[in-house]
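# pasted the sequence and its predicted model underneath.
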Amino acid sequence: MRGIVAIRPRNALGFIVLAGGCLTLGCSSDPPPPPELTAGEAAYRISERWAREEMNHFRVTFHSDTLVECGVKNDLWKLVEVTDHNGNAWSTVYQLTEKGAKIVTAASLKESGRGHEILLRGPYKVEITGITEGSQPNLRNVAFRWDIDWDKAPDDLKACLPRFELSGNETAVFQLNGMEWAFESYLNPEDTTAPDGSPAAPPSAPVISTLR
């Protein structure tokens with residue numbers, strides 16, 4: 001009969017198997033759904049950046065009548081003169097020693113004992129408290145709490161800084177790159193760190209810096 005194409009038995013069997021496979025597995029060109037960002041992976045990615053000295057500069061403000069004296073005693077900072085362009089001393093300020101600069105990033109000490117500002121650098125422990133969708137489908141906001149890892153912190157830091165003040169809450173922004181989630185920034189990066197991971201802005205003057 002004209003118009004009817006004969007199908008060889010072997011080809012017919014292959015066609016039936018292919019059709020059955022499509023019905024069972026689905027023959028679709030749609031890409032696979034993105035992986036879910038878990039709390040465990042988010043904590044790992046955050047800690048990974050901190051270990052490279054990135055995104056780990058957190059500022060704390062607290063009151064202490066013993067902080068200045070303790071830091072001097074433990075060689076974290078010392079009082080130095082501030083001079084003008086003619087070399088005349090007009091003020092004094094506490095500056096970080098080389099030892100102190102390895103423990104904190106920067107600080108602003110108040111003679112009154114109130115409103116000390118310390119820019120920390122860890123080590124930290126992280127606890128993920130929530131993961132929500134970001135402003136774009138490929139973004140996630142990860143809320144977390146950070147605390148100084150007291151067991152790993154330098155003894156001089158523990159001697160001078162109160163443990164209960166060395167904690168805080170932040171929100172990290174994760175972006176999907178390919179099939180992996182990457183920690184990109186904080187929700188308000190201008191308040192924490194610059195894009196390269198360094199402090200965006202030091203505490204208000206006078207700022208303690210490393211002695212040269």
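Structure's in. What do you need? What you see is a predicted model; the values in this text were computed from it and never measured.
# quickly find the element holding the residue minimising distance to the centre of the chain.
With distances taken as Cα atoms, centre = their mean, Met55 lies nearest the centre of the chain, 4.0 Å away. Here Met55, judged by DSSP states H and E, is contained in no helix and no strand.
# measure it to Arg114 for me?
For Met55, the distance to Arg114 (Cβ to Cβ, to the nearest Å) stands at 29 Å. C-beta: built from backbone N, CA, C; applies to glycine.
# same check, this time on Val93
Computed as Cβ to Cβ, the Val93 to Arg114 distance reads 17 Å.
# looking at those two, which one has more neighbours?
Neighbours were counted for Val93 and for Arg114 using other Cβ atoms under 10 Å; Val93 has more, 17 against 11.
# what ranges does this protein have for its strands?
59-62, 77-83, 89-96, 104-108, 116-120, 124-133, 139-148, 167-177, 180-186 (DSSP state E).
# for Glu48, find the nearest of the ones you listed.
With Cβ to Cβ as the measure, strand 180-186 is the member of the strands of the chain nearest Glu48 (7.7 Å).
# send me the closest one as PDB with only the CA atoms.
In PDB, the C-alpha atoms belonging to strand 180-186 read as follows (Å, rounded to 0.1, in the frame of the first residue of the first chain):
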ATOM      1  CA  GLU A 180      27.900  26.200  44.000                       C
ATOM      2  CA  TRP A 181      27.000  28.900  46.600                       C
ATOM      3  CA  ALA A 182      29.700  31.500  47.400                       C
ATOM      4  CA  PHE A 183      29.900  33.900  50.300                       C
ATOM      5  CA  GLU A 184      30.100  37.300  48.500                       C
ATOM      6  CA  SER A 185      29.600  40.100  51.100                       C
ATOM      7  CA  TYR A 186      27.600  41.200  54.000                       C
END
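# now do it against strand 167-177, angle only.
Going by axes from the mean of the first three to the mean of the last three Cα atoms, to 10 degrees, strand 180-186 is angled at 130 degrees with respect to strand 167-177.
# what about the residue nearest to Pro35 when sequence neighbours are not counted, distance to His116?
With Cβ to Cβ, 6 or more residues apart in numbering as the criterion, Pro35 has its nearest non-adjacent residue at 6.0 Å, and that residue is Met179. As for Met179, its distance to His116 is 45 Å (criterion: Cβ to Cβ).
# one more: His85?
30 Å.
# neighbour-wise, which of the two wins?
His116 (21 against 5).
# tell me what the more buried one is bridged to.
Phe62 (DSSP bridges).
# pLDDT value on it, please?
In this prediction, His116 carries a pLDDT score of 93.
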